[in-house]
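In: Quick one: sequence and predicted model below, then my questions.
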Amino acid sequence: MDHLEPRPVWAHFATLCTIPRPSKHEAALRGHLLGWAANLGLASRVDGAGNLILEKPASPGREHRPGVILQGHLDMVCQKNAGTVHDFHRDPIRPVRDGDWLRAPDTTLGADNGIGVALALAALEDPDLVHPALEVLLTVDEEAGMGGARGLAPGSLAGRWLINLDTEAWGHFYLGCAGGMDVTFSRACRVEPAPEGWQAWDISLGGLLGGHSGIDIHRGRGHALDLLLDALSALVRDQGARIASLAGGTARNAIPREARARVALPARADPSATLRALLAAWHPALAGVDDGLVLGWQPAGTPGPVLNAGDQDDLLAYLGRAPRGVTAWSEDCPGVVETSLNLGVLTLDASGCRGVFMVRSLVDDAAWHLAGRLIDLAAECHIQAARQGPYPGWRPDPDAPLLALARQVYAREFAAEPGLQVIHAGLECGLFAASHPHLEMLSFGPDIHGAHAPGEAVDIPSVGRCWTFLKALLQELAQD
């Protein structure tokens, strides 16, 4: 990254790549930035939730202008391909340049939201930038439940305008987002010895693209847990299989790319015919969308304990009847998903079953309703389920003065009109609107592909355009 432009932005992103920052483990990065701010003479504070707030006075003569808040989050989604040796709590991210793209081939890159953080830090240290008073709000725990934004106390921010730097399609302004919540479920399951003479089989499914459970939920990509559950249900139906273990997914807000299970089958039974038939149906359905699907199976010797048949029926009934993917499209914003859900993580072993759905919706009542359906269905199947971490959506205001000014600046700088979008992913703006209702907000960012999945990449030229636009917008906000 030493030769990438704009140099100030890439220098900060390079530093972020060297400091591990999983959700709930942002302390090392926060400490580094506190030292960096002190060296620049910037005021800084850490609030009760762990958020970092940096402040820079207005340029001379601009003290009377309303303040601007630049906002991003410190944490990143940590995903890696199977077989990749990488410890996200200790190892640096190793980006590779691929033409106009910077990517991490086998892990997530952390451009979501490292580039946004880098843009905000570069604005703070630019000595030539004319600007109003600046606050940079860098939240924690965004990817694991928006804990930092939830904990931001009312009155923490003095600015009038908030610019969120956490979206992933350059040339578009985002003025609204989905809200949502998690639905966690669990059950203590009974296990028993497999029938005498039965054979264990290991089944693995992988090679899928995965992706962001908000941005990519409508793209028709393969969902490793959904596909593997279909395979297990078919083996139970065709050959009376008994499940010994099951695991898939590593993050509530990522579409699972890999899953695996161990089952027991009667002596001399073979799952090959059933699984090959499923593969023959899956490959055409995913053609051109998710072509890398791999399904493997092999005998695994004498089986250990297996799930009680009644418990197995309850679990498969719950997961088979639960809605999947997109459940409604928006009538107010054509082409935008209104409501969806994603089974992000599922584990089943001798200690029981645990999992989490992530529910998203542009309509808060719709998210509560869908979560309620999942909870009611769980009760019918003797499974415990509960809502966790609800957060509000961000209602769009197409007539906001900040948006009008941003459109003027964009047209002047790039001789084009920006797109206007409402995003199905969750941004922290909804929580900021609740704690600071006076704020006018706008979100934009560079082109990022594959957020929340290995191979995540950011378009290098679009980062430069973001920097050009951010500086121009701040200078415009400093004018009378």
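Out: On my side now, so go ahead. Numbering: from 1, shown residues only.
In: any idea which helix or strand carries residue 319?
Out: Applying DSSP states H and E as the criterion places residue 319 in helix 309-321.
In: can you pull the contacts of the closest residue to residue 467 other than its chain neighbours?
Out: Nearest residue to residue 467, sequence neighbours excluded (CB to CB, 6 or more residues apart in numbering): residue 6, at 4.6 Å. To be clear about C-beta, it is placed using only N, CA and C from the backbone, and glycine gets the same treatment. Under the criterion of CB atoms under 8 Å, 6 or more residues apart in numbering, the contact list for residue 6 reads 122, 463, 464, 467.
In: same check, this time on residue 439
Out: Per CB under 8 Å, 6+ apart, neighbours of residue 439: 69, 157, 159, 160, 161, 162, 432, 433.
In: ok, now residue 114?
Out: Taking CB under 8 Å, 6+ apart as the criterion, residue 114 is in contact with 13, 16, 17, 76.
In: Tally up the residues packed near the last one, please.
Out: In this case it means residue 76. For residue 76, the tally of surrounding residues (other CB atoms under 10 Å) stands at 30.
In: hey, C-alpha coordinates of the very next helix or strand once past the helix holding residue 319 in CSV?
Out: Moving toward the C-terminus from helix 309-321, the next helix or strand (DSSP H and E) is strand 325-329. Only the C-alpha atoms of strand 325-329 are listed here, as CSV (Å, rounded to 0.1, in the frame of the first residue of the first chain):
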residue,chain,number,x,y,z
GLY,A,325,-33.7,-15.5,2.9
VAL,A,326,-35.9,-12.7,1.5
THR,A,327,-39.4,-12.7,2.9
ALA,A,328,-40.7,-9.4,1.5
TRP,A,329,-39.7,-6.6,-1.0
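In: same for strand 325-329, what does it pack against?
Out: In terms of contacts (3 or more CB pairs under 8 Å, 6 or more residues apart in numbering; DSSP states H and E), strand 325-329 is packed against strand 337-349.
In: who does the strand it packs on touch, helix- and strand-wise?
Out: Taking 3+ CB pairs under 8 Å, 6+ apart as contact, the helices and strands that strand 337-349 lies on are helix 224-239, strand 242-248, strand 254-255, helix 309-321, strand 325-329, strand 352-361, helix 364-380.
In: that older thread, angles on the backbone of the residue nearest to residue 467, please.
Out: With angles defined as degrees, to the nearest 10, residue 6 sits at phi -80, psi 130.
In: so residue 267 touches residue 199, yeah?
Out: Yes: in this structure, residue 267 sits in contact with residue 199. The criterion is CB atoms under 8 Å, and the distance is 6.3 Å.
In: neighbour count winner among these two?
Out: Neighbour comparison, residue 267 and residue 199: the larger count goes to residue 199, with 19 against 9 (by other CB under 10 Å).
In: Return the member of the contacts of residue 6 nearest to residue 179.
Out: Sorting those by distance to residue 179 puts residue 463 at the head of the list, at 28.7 Å, by CB to CB.
In: The closest one: what's it in contact with?
Out: Taking CB under 8 Å, 6+ apart, we find residue 463 in contact with 4, 6, 9, 10, 115, 119, 446.
In: Could you tell me which of those belong to helices?
Out: 9, 10, 115, 119 (DSSP state H).
In: Tell me who's in contact with residue 79.
Out: With the criterion set at CB under 8 Å, 6+ apart, residue 79 makes contact with 107, 108, 210, 250, 251, 254, 257, 452, 453, 454.
In: any idea how far the fifth one lies from residue 319?
Out: Noted for residue 251: a distance of 18 Å to residue 319, by CB to CB, to the nearest Å.
In: What degree of burial does the residue lying closest to residue 154 once chain neighbours are set aside show, as a neighbour count?
Out: The spatially closest residue to residue 154, leaving aside those adjacent along the chain, is residue 435, at 4.9 Å (CB to CB, 6+ apart). Here the neighbour count serves as a burial measure; for residue 435 (other CB under 10 Å) it reads 16.
In: same deal with residue 401?
Out: Residue 401 is surrounded by 10 other residues when neighbours are defined as other CB under 10 Å.
In: Confirm for me that it is in contact with residue 441.
Out: No: Residue 401 sits out of contact with residue 441 when judged by CB under 8 Å, with a separation of 11.8 Å.
In: one step back: which stretch among the helices and strands packed on strand 337-349 is buried most, on average?
Out: Across those, the average number of neighbours (mean count of other CB atoms under 10 Å) peaks for strand 254-255, which reaches a mean of 28.
In: Name every strand pairing with that strand and say which way it goes.
Out: In its sheet, strand 254-255 lies beside strand 211-212 (antiparallel), with partners assigned from DSSP bridges.
In: Next, residue 423: phi, psi?
Out: With angles defined as degrees, to the nearest 10, residue 423 shows backbone torsions of phi -100, psi 140.
In: next one: residue 263
Out: The phi and psi torsions at residue 263 (degrees, to the nearest 10) take the values phi -130, psi 160.
In: picking up where we left off before, quick one: closest of the helices and strands packed on strand 337-349 to residue 40.
Out: The closest approach between residue 40 and any of the helices and strands packed on strand 337-349, judged by CB to CB, belongs to strand 254-255 at 35.5 Å.
In: Identify all contacting residues around that closest one.
Out: Counting contacts by CB under 8 Å, 6+ apart, the residues touching strand 254-255 from outside are 77, 79, 208-213, 216-217, 221, 223, 342, 344, 452-453.
In: Would you map the helices across the stretch 151-300 of the chain?
Out: Residue ranges of the helices in the stretch 151-300 of the chain, as given by DSSP state H, counting those that start in this stretch, are 224-239, 272-286.
In: How far away from the center of its chain is the longest one?
Out: What it means is helix 224-239. Its chain's C-alpha centre lies 27 Å from the corresponding centre of helix 224-239 when counted by CA atoms, centre = their mean, to the nearest Å.
In: do the same with stretch 260-274
Out: Averaging C-alpha positions (CA atoms, centre = their mean) puts stretch 260-274 35 Å from its chain's average.
In: again, but for stretch 45-59
Out: Centre-to-centre, stretch 45-59 and its host chain are 25 Å apart (CA atoms, centre = their mean).
In: That stretch: which residues count as buried?
Out: Counting neighbours by 16 or more other CB atoms under 10 Å, one finds that the buried residues in stretch 45-59 are 47, 49, 50, 51, 52, 53, 54, 55, 56, 58, 59.
In: Would you double-check that the last one falls in a helix?
Out: No: the assignment for residue 59 is coil, going by DSSP: H, G, I helix; E, B strand; the rest coil, so no helix is present there.
In: give the contact list for it.
Out: Contacts for residue 59 (CB under 8 Å, 6+ apart) come out as 129, 130, 131, 132, 478.
In: Now do the contacts for the third one.
Out: Residue 131 makes contact with 56, 58, 59, 62, 68, 123, 474, 475, 477, 478, according to CB under 8 Å, 6+ apart.
In: residues near residue 459, how many?
Out: Residue 459 has 20 neighbouring residues, counting by other CB under 10 Å.
In: what do you get for residue 271?
Out: Residue 271 - counted by other CB under 10 Å - has 23 other residues nearby.
In: now do residue 87
Out: Other residues within reach of residue 87 by the criterion other CB under 10 Å amount to 9.
In: Check the gap between it and residue 25 for me.
Out: Counting by CB to CB, the gap from residue 87 to residue 25 is 12 Å.
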